[in-house]
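A.B. asks: I would like the atomic coordinates for the input below:
(one chain, ligands or ions: 2)
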Amino acid sequence: MSIHLNAEPGQIAETVLLPGDPLRAKHIAETFLTDPVLHNTVRGMHGYTGTYKGKRVSVQGTGMGIASSMIYVSELITQYGCKNLIRVGTAGSYQADVHVRDIVLAQAACTDSNINNIRFGAKNFAPIADFDLLMRAYQIARERGHATHVGNIMSSDTFYHDDFDQYKIWADFGVLAVEMEAAGLYTLAAKHGVKALTVLTISDHLVTREETTAEERQLTFNAMIEIALDAALGE
Ligand SMILES: O=P(O)(O)O[C@H]1O[C@H](CO)[C@@H](O)[C@H]1O
Ligand SMILES: O=c1cc[nH]c(=O)[nH]1
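C.D. replies: Ligands and ions are numbered 1, 2, ... in the order given. Have a look, this model is predicted:
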């Protein structure tokens with residue numbers, strides 16, 4: 001047990017999918033895992049462990065933002081020995097040609113969070129995905145015919161900016177989309193020598209202002225889950 005997870009030692013698999021939304025964790029467990037067992041109830045941040053194509057896998061909600069998600073990622077790595085951590089989340093598109101419901105594989109993650117300024121001072125650390133996971137996820141997504149983009153994303157501490165157009169600073173440098181956790185995940189993976197990837201589905205669009213519903217965000221977007229599971233388990 002750790003401070004924020006009440007799973008027993010050994011109850012969480014080495015491979016963990018990480019949605020922000022604990023209800024998406026429940027949906028993933030009920031839809032994709034065989035014999036899922038609820039391994040965490042602390043704070044209602046549901047986590048489940050079961051099997052997928054015969055291999056043990058867990059799914060753990062992380063909450064929204066780098067601060068919340070780094071608590072879960074830290075405990076999963078240091079207290080439960082997790083080694084493959086794949087975030088499955090929603091994101092807002094920064095680019096006209098990255099459409100709602102497209103898949104984005106986060107090769108790297110910029111951030112406006114202070115986490116790495118605290119660590120590295122005036123020097124910059126570049127949080128990046130594990131290359132093997134990224135390559136497998138890309139191949140799987142392309143084979144399945146999903147519209148898929150690979151590149152840089154933004155992990156922001158702020159969902160509602162005072163200046164809506166501030167995203168253009170990042171868009172002008174080719175950043176594909178915004179979410180709120182990947183830079184923290186990639187930084188912790190690097191620190192602890194484990195593998196991490198972020199697979200995103202575009203849920204809304206900052207250029208066109210198109211949106212999806214909360215129900216769609218919670219219950220659909222299954223393509224990214226299957227890409228993440230198959231990439232993580234080496235299918
Ligand atoms: O869909 P999830 O995984 O929660 O991810 C995105 O959605 C939340 C904001 O609505 C943030 O957590 C952001 O990163
Ligand atoms: O962080 C996020 C997630 C989805 N959509 C956004 O605009 N921002």
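A.B. asks: and the nearest residue to Asn222 once chain neighbours are set aside, what's its pLDDT?
C.D. replies: In this structure, Asn222 finds its nearest non-sequential neighbour in Thr31, 6.9 Å apart by C-beta to C-beta, 6 or more residues apart in numbering. C-beta coordinates here come from the backbone N, C-alpha and C atoms, glycine included. pLDDT, Thr31: 95.
A.B. asks: near ligand 2, anything from the host helix or strand of Thr31?
C.D. replies: Counting by DSSP states H and E, the secondary-structure element that holds Thr31 is helix 22-32. No: Helix 22-32 lies out of reach of ligand 2 by C-beta under 6 Å from any ligand atom, never closer than 12.7 Å.
A.B. asks: contact partners of that helix?
C.D. replies: 17, 19, 36, 38, 44-48, 50, 52, 59-61, 63, 88, 217-219, 222, 225-226, 229 (C-beta atoms under 8 Å, 6 or more residues apart in numbering).
A.B. asks: measure the residue in the chain that ligand 1 sits nearest to to ligand 2 for me?
C.D. replies: Closest residue of the chain to ligand 1, C-beta to the nearest ligand atom: Gly20 (2.2 Å). To ligand 2, Gly20 is 8 Å away according to C-beta to the nearest ligand atom, to the nearest Å.
A.B. asks: who does the residue nearest the centre of the chain form a beta bridge with?
C.D. replies: Residue closest to the average C-alpha location in the chain (C-alpha atoms, centre = their mean): Arg87, at 2.1 Å. Listed by DSSP bridges, the beta-bridge partners for Arg87 are Leu18, Thr198.
A.B. asks: which ones are touching it?
C.D. replies: 17-19, 62, 69, 181-182, 185, 196-200.
A.B. asks: and for Ala7?
C.D. replies: Contacts of Ala7 by C-beta under 8 Å, 6+ apart are 1, 39-40, 47, 49, 80.
A.B. asks: how about 10 Å then?
C.D. replies: The contact partners of Ala7, by C-beta atoms under 10 Å, 6 or more residues apart in numbering, come to 1, 37-42, 47-49, 58, 60, 75-76, 79-80.
A.B. asks: any of the residues you listed buried? List them.
C.D. replies: 39-40, 47-49, 58, 60, 75-76, 79-80 (16 or more other C-beta atoms under 10 Å).
A.B. asks: quick check: the two most widely separated of the residues you listed?
C.D. replies: Based on C-beta to C-beta, the longest span within the buried ones among the contacts of Ala7 runs between Tyr48 and Gln79 and measures 17.4 Å.
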